[in-house]
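S.K.: here's a sequence, model it:
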Amino acid sequence: MLMMIHPKNPDERKIKQVVALLKKGGVIIYPTDTVYGIGCDIEHPEAIERICKIKNVNPQKAQLSFLCSDLSHLSEYTKAIDTPLYRFLKQYLPGPYTFILEASKKVPKLLRTKRDTVGIRVPDNKICKALLTELGNPVLSTSLPLNEFGDIYTDAEEIYSQFEKVVDIVIDGGTGNALPSTIVDCTTSSPEIIRQGAGEMEL
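M.R.: Okay, here's the model as predicted:
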(Lines give C-alpha, C1' and ligand atoms only; values in the text may rest on other atoms or scores of the structure.)
Protein backbone atom coordinates (compact mmCIF):
# COMPACT_ATOMS: atom_id res chain seq x y z
CA MET A 1 0.00 0.00 0.00
CA LEU A 2 1.19 3.53 -0.84
CA MET A 3 -0.03 5.92 1.85
CA MET A 4 0.30 9.69 1.56
CA ILE A 5 0.90 11.45 4.88
CA HIS A 6 1.37 15.22 5.07
CA PRO A 7 4.98 15.93 6.14
CA LYS A 8 4.10 18.94 8.30
CA ASN A 9 0.70 17.89 9.62
CA PRO A 10 0.53 14.06 9.82
CA ASP A 11 -2.98 12.59 9.85
CA GLU A 12 -3.49 10.95 13.27
CA ARG A 13 -5.77 8.25 11.83
CA LYS A 14 -3.16 7.20 9.28
CA ILE A 15 -0.40 7.23 11.92
CA LYS A 16 -2.50 4.89 14.08
CA GLN A 17 -3.06 2.63 11.07
CA VAL A 18 0.69 2.36 10.41
CA VAL A 19 1.47 1.75 14.10
CA ALA A 20 -1.16 -1.00 14.29
CA LEU A 21 0.65 -2.70 11.41
CA LEU A 22 4.05 -2.28 13.09
CA LYS A 23 2.70 -3.87 16.28
CA LYS A 24 1.67 -6.91 14.24
CA GLY A 25 5.20 -7.30 12.83
CA GLY A 26 4.77 -5.29 9.64
CA VAL A 27 7.56 -3.71 7.61
CA ILE A 28 7.27 -0.14 6.32
CA ILE A 29 9.20 2.37 4.22
CA TYR A 30 8.97 5.93 5.49
CA PRO A 31 10.57 9.37 5.18
CA THR A 32 13.10 10.65 7.71
CA ASP A 33 15.00 13.92 7.95
CA THR A 34 17.56 12.31 5.62
CA VAL A 35 16.88 9.44 3.20
CA TYR A 36 13.81 7.21 3.07
CA GLY A 37 14.24 4.34 5.51
CA ILE A 38 12.90 0.82 5.85
CA GLY A 39 11.88 -0.24 9.33
CA CYS A 40 9.86 -2.29 11.80
CA ASP A 41 9.06 -2.51 15.50
CA ILE A 42 12.23 -3.79 17.23
CA GLU A 43 10.09 -6.23 19.23
CA HIS A 44 9.49 -8.43 16.15
CA PRO A 45 12.50 -10.62 15.16
CA GLU A 46 10.67 -11.98 12.10
CA ALA A 47 10.22 -8.42 10.78
CA ILE A 48 13.92 -7.68 11.37
CA GLU A 49 14.79 -10.81 9.39
CA ARG A 50 12.50 -9.66 6.55
CA ILE A 51 14.36 -6.35 6.36
CA CYS A 52 17.76 -8.04 6.32
CA LYS A 53 16.55 -10.33 3.54
CA ILE A 54 15.41 -7.31 1.49
CA LYS A 55 18.86 -5.73 1.94
CA ASN A 56 20.61 -9.10 1.57
CA VAL A 57 22.65 -8.57 4.74
CA ASN A 58 23.51 -10.42 7.94
CA PRO A 59 21.69 -8.67 10.85
CA GLN A 60 24.87 -8.62 12.94
CA LYS A 61 26.92 -7.09 10.13
CA ALA A 62 24.33 -4.67 8.78
CA GLN A 63 24.18 -0.94 9.50
CA LEU A 64 20.95 -1.04 11.44
CA SER A 65 19.95 1.69 13.85
CA PHE A 66 17.18 2.50 16.29
CA LEU A 67 14.92 5.48 15.66
CA CYS A 68 13.90 6.98 19.00
CA SER A 69 11.40 9.75 19.67
CA ASP A 70 13.83 11.40 22.13
CA LEU A 71 16.84 10.64 24.31
CA SER A 72 14.72 8.95 27.00
CA HIS A 73 15.30 5.53 25.38
CA LEU A 74 19.08 5.82 25.76
CA SER A 75 19.11 4.42 29.29
CA GLU A 76 17.17 1.35 28.11
CA TYR A 77 19.12 0.40 25.00
CA THR A 78 22.63 1.69 25.74
CA LYS A 79 25.09 1.28 28.59
CA ALA A 80 25.55 4.10 31.08
CA ILE A 81 26.25 7.43 29.37
CA ASP A 82 28.27 10.02 31.28
CA THR A 83 27.18 13.65 31.49
CA PRO A 84 29.63 15.08 28.89
CA LEU A 85 28.53 12.50 26.28
CA TYR A 86 24.83 13.12 27.06
CA ARG A 87 25.35 16.86 26.57
CA PHE A 88 27.16 16.17 23.30
CA LEU A 89 24.26 14.04 22.01
CA LYS A 90 21.67 16.57 23.17
CA GLN A 91 23.51 19.28 21.23
CA TYR A 92 22.86 17.49 17.92
CA LEU A 93 19.57 15.65 18.47
CA PRO A 94 17.00 15.61 17.05
CA GLY A 95 18.81 15.83 13.72
CA PRO A 96 20.41 13.97 10.81
CA TYR A 97 22.91 11.98 12.89
CA THR A 98 23.41 8.35 13.88
CA PHE A 99 25.42 7.85 17.06
CA ILE A 100 27.16 4.52 17.67
CA LEU A 101 26.93 3.65 21.37
CA GLU A 102 27.56 0.59 23.55
CA ALA A 103 24.48 -1.65 23.55
CA SER A 104 22.66 -2.69 26.70
CA LYS A 105 21.28 -6.19 27.23
CA LYS A 106 17.84 -4.96 26.17
CA VAL A 107 18.98 -4.69 22.55
CA PRO A 108 17.70 -7.85 20.79
CA LYS A 109 20.52 -10.39 20.30
CA LEU A 110 19.70 -10.49 16.61
CA LEU A 111 20.77 -6.84 16.33
CA ARG A 112 23.93 -6.82 18.39
CA THR A 113 27.13 -6.46 16.40
CA LYS A 114 30.31 -8.29 17.35
CA ARG A 115 31.41 -5.03 18.98
CA ASP A 116 28.17 -5.03 21.01
CA THR A 117 27.19 -1.58 19.79
CA VAL A 118 23.99 0.00 18.53
CA GLY A 119 23.25 2.99 16.31
CA ILE A 120 20.80 5.52 17.78
CA ARG A 121 18.91 8.17 15.80
CA VAL A 122 16.43 10.83 16.91
CA PRO A 123 15.11 12.17 13.59
CA ASP A 124 13.79 15.69 13.13
CA ASN A 125 10.82 14.64 11.00
CA LYS A 126 7.18 15.05 12.01
CA ILE A 127 5.99 11.78 10.46
CA CYS A 128 8.75 9.85 12.26
CA LYS A 129 8.04 11.62 15.54
CA ALA A 130 4.32 10.88 15.31
CA LEU A 131 4.96 7.17 14.54
CA LEU A 132 7.48 6.79 17.38
CA THR A 133 5.29 8.58 19.92
CA GLU A 134 2.26 6.46 19.03
CA LEU A 135 4.29 3.21 19.03
CA GLY A 136 5.98 3.93 22.35
CA ASN A 137 9.27 2.21 21.57
CA PRO A 138 12.03 2.50 18.95
CA VAL A 139 11.74 1.50 15.31
CA LEU A 140 14.51 -0.48 13.68
CA SER A 141 15.78 1.54 10.74
CA THR A 142 18.11 1.15 7.82
CA SER A 143 18.47 2.82 4.44
CA LEU A 144 16.95 1.32 1.31
CA PRO A 145 19.15 -0.61 -1.11
CA LEU A 146 20.48 1.71 -3.83
CA ASN A 147 18.61 1.80 -7.13
CA GLU A 148 19.90 0.25 -10.37
CA PHE A 149 22.05 3.32 -11.05
CA GLY A 150 23.65 3.20 -7.60
CA ASP A 151 21.69 6.24 -6.42
CA ILE A 152 19.53 6.79 -3.34
CA TYR A 153 15.75 6.63 -3.87
CA THR A 154 14.10 10.02 -3.21
CA ASP A 155 10.67 9.57 -4.83
CA ALA A 156 8.01 7.62 -2.89
CA GLU A 157 6.15 6.44 -6.01
CA GLU A 158 9.35 5.03 -7.48
CA ILE A 159 10.11 3.40 -4.12
CA TYR A 160 6.63 1.85 -4.10
CA SER A 161 7.05 0.45 -7.62
CA GLN A 162 10.29 -1.26 -6.54
CA PHE A 163 9.35 -2.52 -3.08
CA GLU A 164 5.55 -2.94 -2.99
CA LYS A 165 5.82 -6.75 -3.00
CA VAL A 166 8.26 -6.99 -0.08
CA VAL A 167 6.95 -4.37 2.38
CA ASP A 168 3.48 -3.69 3.78
CA ILE A 169 3.26 0.11 3.53
CA VAL A 170 5.26 2.81 1.75
CA ILE A 171 4.59 6.23 3.27
CA ASP A 172 4.74 9.10 0.81
CA GLY A 173 5.90 12.09 2.83
CA GLY A 174 7.33 14.11 -0.03
CA THR A 175 10.71 14.11 -1.76
CA GLY A 176 13.43 12.45 0.31
CA ASN A 177 16.94 13.74 0.93
CA ALA A 178 19.72 12.23 -1.19
CA LEU A 179 22.21 12.39 1.70
CA PRO A 180 22.17 9.78 4.50
CA SER A 181 22.82 10.64 8.14
CA THR A 182 26.25 11.47 9.50
CA ILE A 183 27.49 8.50 11.57
CA VAL A 184 29.46 9.28 14.73
CA ASP A 185 31.24 6.60 16.78
CA CYS A 186 30.93 7.45 20.48
CA THR A 187 32.51 4.24 21.79
CA THR A 188 36.05 5.61 21.49
CA SER A 189 37.80 8.04 23.87
CA SER A 190 36.45 10.96 21.83
CA PRO A 191 33.63 11.00 19.22
CA GLU A 192 34.78 10.15 15.70
CA ILE A 193 32.91 10.76 12.42
CA ILE A 194 32.94 7.52 10.43
CA ARG A 195 30.59 8.71 7.66
CA GLN A 196 29.99 12.31 6.69
CA GLY A 197 26.37 12.75 5.64
CA ALA A 198 23.65 15.36 5.93
CA GLY A 199 24.66 16.59 9.40
CA GLU A 200 27.49 19.06 9.85
CA MET A 201 29.62 18.60 12.95
CA GLU A 202 32.77 20.17 14.39
CA LEU A 203 34.85 17.77 16.52
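S.K.: can you give me the buried ones in the helix or strand bottoming out on mean pLDDT in the chain?
M.R.: Within the chain, no helix or strand scores below helix 74-77, which has a mean of 84 by mean pLDDT, DSSP states H and E. Neighbour-count burial for helix 74-77, with 16 or more other Cβ atoms under 10 Å as criterion, is recorded at 74, 77. To be clear about C-beta, it is placed using only N, CA and C from the backbone, and glycine gets the same treatment.
S.K.: and the following helix or strand past it, how far out from the chain's middle?
M.R.: As assigned by DSSP states H and E, the chain's next helix or strand after helix 74-77 is helix 83-92. A distance of 20 Å separates the centroid of the chain from that of helix 83-92, by Cα atoms, centre = their mean, to the nearest Å.
S.K.: and stretch 19-31, by the same measure?
M.R.: The answer for stretch 19-31 is 12 Å, by Cα atoms, centre = their mean.
S.K.: is the spatially most central residue of the chain part of a helix or strand, or is it coil?
M.R.: The centroid of the chain falls nearest to residue 141 when counting by Cα atoms, centre = their mean (3.0 Å). Here residue 141 is recorded as strand under DSSP: H, G, I helix; E, B strand; the rest coil.
S.K.: so what's it bridging to?
M.R.: Listed beta-bridge partners, residue 141: residue 39, residue 65 (assigned using DSSP bridges).
S.K.: surely it and residue 55 touch.
M.R.: No: counting by Cβ atoms under 8 Å, residue 141 sits too far from residue 55 to count as a contact (11.7 Å).
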